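Engineer: Sharing a model that was predicted from the sequence below.
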Amino acid sequence: MAALHVSPLEKKTAEQKGKLVFEDEASFRQDSTLYRTWSRVGQQPLVPVTGARQSAKIFGCVEVYDATFVYGSDEVFNGDTYVSFLDGKMAPCFYRPGRKVIYIQDNASYHKEEEVQEWFQANRQWLEVQPLPAYSPEFNAAEPLWHHTRVQGTHNRCFKNRQEILESLRRVFRDMQRHPERIAGYLRPFQ
């Protein structure tokens, strides 16, 4: 289903020898989340809780053909932190002279803020921004990566503080970056 939605962009990307990059953001909370696990019959696994409500806010984007993943963390999601991610992480990873990047993002309110629009305008020679339809996370190739991150890094774990969450997330993200073949299966429907 997602492949049908993206196919005109795929063609355009191939014609321009460019990149097809999906962006999304996710919050990972400190409180424990239970997920499938093994235990002895009659002995429910217990995951301790701290009662704290800190979270890690992550911006991330992925190129669907080579599974290149880049991320950045911040305290909040807003126009300033988004521009900081675009300028400091996304652009250095995906910009190549003479190549177009088709950049697909959702409709988060801060994506429409003035400083974000100015950044996109200033980089339009190499970057074409496409919005996803409203309320359609199933069309975003970055969404399955958040599920993978939760399963590998946050489910069935207790974090004492925000720093421990970030360390666990960094471990999962480094693995995704060093071994893109491990996330390539999630991206096939978007190719």
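Structural biologist: Yep, it's here.

Engineer: Could you check how far the residue lying farthest from the centre of the chain is from N156?
Structural biologist: Taking C-alpha atoms, centre = their mean, the residue of the chain most remote from its mean C-alpha position is G42, at 37.8 Å. G42 sits 19 Å away from N156, going by C-beta to C-beta, to the nearest Å. Bear in mind the C-beta positions are built from the backbone N, C-alpha and C, glycine included.

Engineer: again with S55
Structural biologist: Distance, S55 to N156, by C-beta to C-beta: 18 Å.

Engineer: Then R124?
Structural biologist: Taking C-beta to C-beta, one finds R124 at 44 Å from N156.

Engineer: Worst mean pLDDT across the helices and strands of this protein, which element?
Structural biologist: helix 2-15 (a mean of 56; mean pLDDT, DSSP states H and E).

Engineer: Show me what the following helix or strand past that helix packs onto, helices and strands only.
Structural biologist: Once the chain leaves helix 2-15, the next helix or strand it forms, by DSSP states H and E, is strand 19-29. Here strand 19-29 touches helix 2-15, strand 55-63, strand 101-105, helix 143-149, helix 162-178, going by 3 or more C-beta pairs under 8 Å, 6 or more residues apart in numbering; DSSP states H and E.

Engineer: hmm, 7 Å instead?
Structural biologist: Using 3 or more C-beta pairs under 7 Å, 6 or more residues apart in numbering; DSSP states H and E, the elements in contact with strand 19-29 are helix 2-15, strand 55-63, strand 101-105.

Engineer: Pull the contacting residues for A108.
Structural biologist: Neighbour list for A108: 25, 77 [criterion: C-beta atoms under 7 Å, 6 or more residues apart in numbering].

Engineer: Mind pulling the model confidence for it?
Structural biologist: We note a pLDDT of 95 for A108 in this prediction.

Engineer: mind checking how far it is from S168?
Structural biologist: 24 Å.

Engineer: beta partners for the residue most central in space within the chain?
Structural biologist: With distances taken as C-alpha atoms, centre = their mean, the residue of the chain nearest its centroid is G60 (3.1 Å). Counting by DSSP bridges, G60 forms beta bridges with D24, Y71.
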